[in-house]
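S.K.: Just to be clear, the model below is a prediction. Sequence and coordinates:
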Amino acid sequence: MIEEKYKAVVLGAGESGVGAALLYQSRGISVFVSDYGHIAPKYKAELEEQGIPYEEGTHSTELILRAEEIVKSPGIPEKAPIMQAIRGAGIPVISEIELAGRYLKGKVIGITGSNGKTTTTMWLHHILSEAGMKPGLAGNVGFSLARQVIPEDQPEYFVVELSSFQLDDMYRFRVHIALLMNITPDHLDRYHYNFEEYALAKMRILQNQTAEDAFIYWGEDEFISRYVMAHQPMPMQTLPFLTYPQVGSAADKSDDNVMRLHFDDHQFEFPIDQLALQGPHNLQNAMAASIAALRLGVSTDVLTRALKDFVNVPHRLEKVGVLDGVRYINDSKATNVSSTYYALRTMTTPYVLILGGEDKGNDYMDITDLITSGARGLVFLTTDVLKLYKSFHGKVPQIASALSMEEAIEHARQMAQPGDTVLLSPACASFDLFQSYIHRGDCFREVVQSLIQDEEKHV
């Protein structure tokens, strides 16, 4: 029997939503979980085990509107009818991250940006782990932050990847060291197709910083640089990184291809060709993570080792295998044009690009030159090919479309030649054909590896 009123309601029963519900319950706050879709069995079992009431496949609007506070999972858009009803009723809405901040004892290193934030988050977590700091990992990666602040014995440091959606519903949460990788058009469908509105959402990572805190950012990003100039003096320490020699930077690149860090009392140099991950974007990721690590007291010996031996996250330029002399690379995490741009810049061979999905207001002009100069063919993996055909018809030798990963890879095999690369870097969200970018990347890996095994059986 559902109670008449709960003090808190959590919308969405994924990792962040269930974490929030568990935190509320641990602090004696009555909570109800509502998910308009289906709840994954592992989360349903956890809610039932803890005696937390929930519903799935619907939103009980009257019950939800009696709550004193709502935690909204990041994936729920403001245009959803339940959100419009909640906003109309004036009920406070917060993110799971904001809720966790009320009970958090350690320091937060928060990472955001349109591209590179997951790799930077994981790389920094790796560095701090190598230094023996035992950091928590949360946000878009790891376990929910709310879940991790339930125990009294918490990590001293949390490395937290923050999306603009999480930042939208953050108000008092304090990020002690903020890393902002870049801001390029993404998720514009959630921000009224207004880049400035989206960019300002990213800047919310700074909203509660003090003189004790630090802001690490890419000094070559036009919007970020303009924002910093317009808000001088800023309360926190500002630590820009650049990919060319620059006086006043916290990190830069020397003319002889060395990454240099020079701020406060720190002096550190590292040959760029020894970084675990190569490419211009990974240099930026390494710079940001290294600045944060040194500021947190990591030794140069540990930093040197961790910059060399880091293994990248799945679905981010992940080498899947070689089939018929063709390399297959999984970059399913490239859900926007800018991320695909970085992936294309790492290509050293002719390639077949698997592109497409749920369009978020994409402008493909930024990657057109790279594609026309390097692509042997394009495969559009999506239910909506019209915009892609309009953008690329007649500009590459071969184009095909597909409605399944098996079909896409079959087209790619026909187009590719030995020595080429087949790259899955869609520049779009995955939700037209897949459950998530992870599901899309897993399908790519499974199909390719199954084909490789079949080939080996016939050798």
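M.R.: That came through fine.
S.K.: what stretches of the stretch 251-400 of the chain score poorly on pLDDT?
M.R.: In the prediction, the stretch 251-400 of the chain carries no residues with pLDDT under 70.
S.K.: ok, which stretches of it are helices?
M.R.: Taking DSSP state H, counting those that start in this stretch, the helices of the stretch 251-400 of the chain run over residues 280-295, 300-309, 337-345, 365-374, 386-392.
S.K.: and of those, who's closest to Pro426?
M.R.: When those are compared by C-beta to C-beta, helix 337-345 sits nearest Pro426, at 7.2 Å. The way it works is simple: take the backbone N, C-alpha and C, and place the C-beta from them, glycine included.
S.K.: Mind listing what's buried along the closest one?
M.R.: Within helix 337-345, the residues that count as buried by 16 or more other C-beta atoms under 10 Å are 337-344.
S.K.: Then stretch 249-263?
M.R.: Within stretch 249-263, the residues scored as buried using 16+ other C-beta under 10 Å are 249-253, 259-261, 263.
S.K.: For Glu358, find the nearest of the helices of the stretch 251-400 of the chain.
M.R.: helix 386-392 (11.5 Å).
S.K.: and that closest one, what does it pack onto?
M.R.: helix 365-374, strand 375-381 (3 or more C-beta pairs under 8 Å, 6 or more residues apart in numbering; DSSP states H and E).
S.K.: highest average neighbour count across the ones you listed?
M.R.: For these, the largest average neighbour count (mean count of other C-beta atoms under 10 Å) is found in strand 375-381, namely a mean of 25.
S.K.: Show me the contact partners of that one.
M.R.: 350-357, 371, 388-389, 392, 396-403, 405, 408, 411-412, 415-417, 420, 426, 433 (C-beta atoms under 8 Å, 6 or more residues apart in numbering).
S.K.: Could you measure from Leu317 over to Ala289?
M.R.: Distance, Leu317 to Ala289, by C-beta to C-beta, to the nearest Å: 17 Å.
S.K.: With Glu406 instead?
M.R.: 37 Å.
S.K.: before we move on, what about Gly297?
M.R.: Gly297 sits 14 Å away from Ala289, going by C-beta to C-beta.
S.K.: do the same with Phe143
M.R.: 21 Å.
S.K.: Have a look at these two and say which one is more surrounded.
M.R.: Ala289 (30 against 14; other C-beta atoms under 10 Å).
S.K.: list the contacts for the more buried one?
M.R.: Taking C-beta under 8 Å, 6+ apart, we find Ala289 in contact with 120, 123-124, 127, 179.
S.K.: Just the buried ones from the residues you listed?
M.R.: Using 16+ other C-beta under 10 Å as the burial test, the contacts of Ala289 include 120, 123-124, 127, 179 as buried.
S.K.: Greatest separation within those: which pair is it?
M.R.: Spanning the widest gap among the buried ones among the contacts of Ala289 are Ile127 and Leu179, at 12.6 Å by C-beta to C-beta.
S.K.: Could you pull up the mean pLDDT of stretch 414-426?
M.R.: Mean pLDDT, stretch 414-426: 96.
S.K.: quick one on the thing from earlier: would you mind writing the ChimeraX command to select the buried ones in the contacts of strand 375-381?
M.R.: A single ChimeraX command selects the buried members of the contacts of strand 375-381 (16+ other C-beta under 10 Å):
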select :351,352,353,354,355,356,357,371,388,392,396,399,400,401,402,405,408,411,412,415,416,420,426,433
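S.K.: can you tell me which of the contacts of strand 375-381 are in strands?
M.R.: Using DSSP state E, the members of these that fall in strands are 351-355, 399-402.
S.K.: and Val93, how many neighbours?
M.R.: By other C-beta under 10 Å, 18 other residues sit near Val93.
S.K.: likewise Ser164?
M.R.: Neighbour number of Ser164 under other C-beta under 10 Å is 24.
S.K.: quick one: secondary structure of the residue nearest to it when sequence neighbours are not counted?
M.R.: Distances taken as C-beta to C-beta, 6 or more residues apart in numbering place Ala201 nearest to Ser164, at 4.1 Å, with adjacent residues excluded. When classified by DSSP: H, G, I helix; E, B strand; the rest coil, Ala201 comes out as helix.
S.K.: any idea how far Ala201 is from Lys72?
M.R.: Distance, Ala201 to Lys72, by C-beta to C-beta: 14 Å.
S.K.: So these two - more neighbours on which side?
M.R.: Using other C-beta under 10 Å as the criterion, Ala201 and Lys72 rank with Lys72 on top: 27 against 21.
S.K.: Phi, psi for that one please.
M.R.: Lys72 adopts backbone torsions of phi -110, psi 130, taken as degrees, to the nearest 10.
S.K.: Look at the nearest residue to Thr112 once chain neighbours are set aside and say how many residues are nearby.
M.R.: Distances taken as C-beta to C-beta, 6+ apart place Leu162 nearest to Thr112, at 4.5 Å, with adjacent residues excluded. Leu162 has 30 neighbours, counted by other C-beta under 10 Å.
S.K.: mind listing what the residue most central in space within the chain touches?
M.R.: The centre of the chain sits closest to Thr118, judged by C-alpha atoms, centre = their mean, with a distance of 4.7 Å. For Thr118, the contacting residues are 140-141, 161, 313, 316, 333, by C-beta under 8 Å, 6+ apart.
S.K.: 10 Å instead?
M.R.: Contacts for Thr118 (C-beta atoms under 10 Å, 6 or more residues apart in numbering) come out as 111, 139-141, 161, 181, 285, 312-313, 315-316, 333.
S.K.: try Thr383
M.R.: For Thr383, the contact set (C-beta under 10 Å, 6+ apart) comprises 356-358, 401, 403, 432-433.
S.K.: Residues in a beta bridge with the closest residue to Gln246 other than its chain neighbours, which ones?
M.R.: In this structure, Gln246 finds its nearest non-sequential neighbour in Asp252, 4.9 Å apart by C-beta to C-beta, 6+ apart. Judged by DSSP bridges, the bridge partners of Asp252 are Arg260.
S.K.: didn't Asp252 look like it was pressed against Ile272?
M.R.: No - contact criterion C-beta atoms under 10 Å: Asp252 and Ile272 do not qualify, at 11.4 Å.
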